[in-house]
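Chemist: Generate a structure from the sequence data that follows.
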Amino acid sequence: MSAEPVRAPAGARQAPVQGGPARPAPAHLDPPGGAGAVAVWSIGVAVYFVAVIFRTSLGVAGLDAADRFHVSASALSTFSLLQLMVYAGMQIPVGLMVDRLGTKRVLTIGATLFTAGQLCFALAPSYGMALAARALLGCGDAMTFISVLRLGTRWFPARRAPLMAQLAGLVGMAGNLVSTLVLAPVLHGVGWVPAFAGSAAAGLLVLVPLVLFLRDQPEGHGPTGARERPGGPGFVRNQIAASWREPGTRLGLWVHFTTQFPAMVFLLLWGMPFLVEAQGLDRTTAGGLLTLVVASNMALGLVYGQLVGRRQSARVPLALGTVAATALLWGATIAYPGDRAPMWLLVTLCTVLGACGPASMIGFDFARPANPPERQGTASGITNMGGFIASMTTLLTVGVLLDATGDDYRIAFCSVFVLEALGVVQILRLRGRALRRERERESGRELAHGPAATVGG
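Modeler: Okay, the predicted model is just below:
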């Protein structure tokens, strides 16, 4: 469903009174976009790019971290678990912070925190200090994506906002590629401290243009002052409750929950140990397979975006089809006779895992039409928590099961199927109500503004 253009009320575009001072463009008019918007948006996306590099850096250093801090598999999973817990818990508060403080301030705070977290992780002398560093990194990372989404809506016309969000996601996946292709060989070449401390310099590099040149919105566009700040007692509680009451918000959360976590668990921590220890691959080959997941994600993201943009009825089949394909390939890999799966099966698994990220974005396509503009940030925050909650649960469960079974990855990875089954049940339960509610809203818009695209089932 394409976003409907904002209609200015009568008189909104009238020229100023002759001889009077020029008035700024009304706040509700679309921003102009253009080269200046691209430049400002690129600064924000660069911050997100670096945040993703830091977020996924542990995925290529899991074995090194276990050796450095002398920890077990379950203790190792706590690094990513804590980082994701902080990230998920910050989603709604960050949305409110952006409304109150503005995008530039929140991005600056976020970049400072994740840079400090990466540097502290490089220098941490103990497991406890390293955990604190990852928590700090997760807090800063949590402030980036919602801020970049807000930049897209404030600097580009409404019809461009979905495209800008998709492009931001692709840039984030490019950050994942940097972790795999650059950080991994540097880590094994120069060692732990130089690799992680050196990567922290990228955070300082993006802070400079962020502080000097980024602006929240074009001059004369977007709400300002009191309109920018949520207020009144119970505001947060009311926002969350109103968003949660919408079945589209809950459906979005469960779609995100069910589709995102298999790839995130694989990339963030357990993919490299599984490929090296259970499948007997060398680190270079294993890194190539992790790169394949990211490359597949970027390619399929464009395909999924086009399909959903052209045909809303494809949302549920795409989400459920991705879950089915992921479960099938995951099951075939861990159940393959013998000790190791053939390379062609591992390549196919990694290619299919690349669809998890694009499929998770479908969750936002359910939450967005279910909520009015003033609740979009809250609804997006609720949706975005889904996949991270599933990832946290699986990261911890796999680590505990590996310790309990003597590193039996077949048993440990069976936990993936439990969460996928739970998510599918919830998607099937909510999809009818969400789509009916969506049609009701669409009918109301047609009565107010004329015919629009019909939502498919």
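Chemist: Identify the residues contacting G95.
Modeler: Residues near G95 by CB atoms under 8 Å, 6 or more residues apart in numbering: 146, 377-378, 380-381. Using the backbone N, CA and C atoms, a C-beta is placed for each residue, glycine as well.
Chemist: Could you dump those into CSV and include pLDDT?
Modeler: Below are those laid out as CSV (pLDDT from 0 to 100):
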residue, pLDDT
I146, 80
G377, 71
T378, 78
S380, 79
G381, 80
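Chemist: now those residues as CSV including distance to V293, secondary structure and neighbour count?
Modeler: As requested, the contacts of G95 are exported to CSV (distance: CB to CB, whole Å; DSSP: H, G, I helix; E, B strand; the rest coil; neighbours: other CB atoms under 10 Å):
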residue, distance to V293, secondary structure, neighbour count
I146, 24, helix, 23
G377, 29, helix, 24
T378, 31, helix, 26
S380, 25, helix, 26
G381, 26, helix, 23
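Chemist: Now do stretch 183-190, average pLDDT.
Modeler: Mean pLDDT, stretch 183-190: 85.
Chemist: what's it in contact with?
Modeler: Residues outside stretch 183-190 that contact it (CB under 8 Å, 6+ apart) are 53, 57, 60-61, 64, 194-196, 198-199, 283, 287.
Chemist: where in the stretch 151-300 of the chain is pLDDT low?
Modeler: 158-163, 220-233 (pLDDT under 70).
Chemist: Compute the number of surrounding residues for T348.
Modeler: Using other CB atoms under 10 Å, T348 has 18 neighbouring residues.
Chemist: wait, I meant G128
Modeler: Neighbour number of G128 under other CB under 10 Å is 10.
Chemist: same question, S42
Modeler: S42: 15 neighbours (other CB under 10 Å).
Chemist: Before we move on, what's the pLDDT of it?
Modeler: Per the predicted model, pLDDT is 92 at S42.
Chemist: Same check on A15?
Modeler: Looking at A15, the pLDDT reads 40.
Chemist: Save the contacts of stretch 183-190 as JSON lines, and put in neighbour count, distance to L113 and secondary structure too.
Modeler: Shown next, in JSON lines, are these (neighbours: other CB atoms under 10 Å; distance: CB to CB, whole Å; DSSP: H, G, I helix; E, B strand; the rest coil):
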{"residue": "I53", "neighbour count": "23", "distance to L113": "15", "secondary structure": "helix"}
{"residue": "S57", "neighbour count": "25", "distance to L113": "15", "secondary structure": "helix"}
{"residue": "V60", "neighbour count": "28", "distance to L113": "22", "secondary structure": "helix"}
{"residue": "A61", "neighbour count": "24", "distance to L113": "20", "secondary structure": "coil"}
{"residue": "D64", "neighbour count": "17", "distance to L113": "24", "secondary structure": "helix"}
{"residue": "P194", "neighbour count": "13", "distance to L113": "22", "secondary structure": "helix"}
{"residue": "A195", "neighbour count": "22", "distance to L113": "20", "secondary structure": "helix"}
{"residue": "F196", "neighbour count": "24", "distance to L113": "16", "secondary structure": "helix"}
{"residue": "G198", "neighbour count": "15", "distance to L113": "19", "secondary structure": "helix"}
{"residue": "S199", "neighbour count": "24", "distance to L113": "15", "secondary structure": "helix"}
{"residue": "R283", "neighbour count": "15", "distance to L113": "30", "secondary structure": "helix"}
{"residue": "G287", "neighbour count": "23", "distance to L113": "28", "secondary structure": "helix"}
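Chemist: What helix or strand is G399 located in?
Modeler: helix 376-405 (DSSP states H and E).
Chemist: neighbouring contacts of the following helix or strand past that helix?
Modeler: Sequence order places helix 409-412 as the next helix or strand after helix 376-405, per DSSP H and E. Contact with helix 409-412 is made by 274, 277-278, 334-335, 397-399, 401-402, 405, as judged by CB under 8 Å, 6+ apart.
Chemist: can you pull the buried residues of helix 409-412?
Modeler: Residues of helix 409-412 classed as buried by neighbour count (16 or more other CB atoms under 10 Å): 409, 412.
Chemist: List the buried residues of the helix or strand just after it.
Modeler: Under the assignment DSSP H and E, the closest C-terminal helix or strand after helix 409-412 is helix 415-449. By 16+ other CB under 10 Å, the buried positions in helix 415-449 come out as 415-416, 419-420, 423-424, 426-427, 430-431, 434-435, 437-438, 441-442.
Chemist: quick one on the thing from earlier: can you state the direction angle for the helix holding G399 and helix 415-449?
Modeler: Counting by axes from the mean of the first three to the mean of the last three CA atoms, to 10 degrees, helix 376-405 lies at 170 degrees to helix 415-449.
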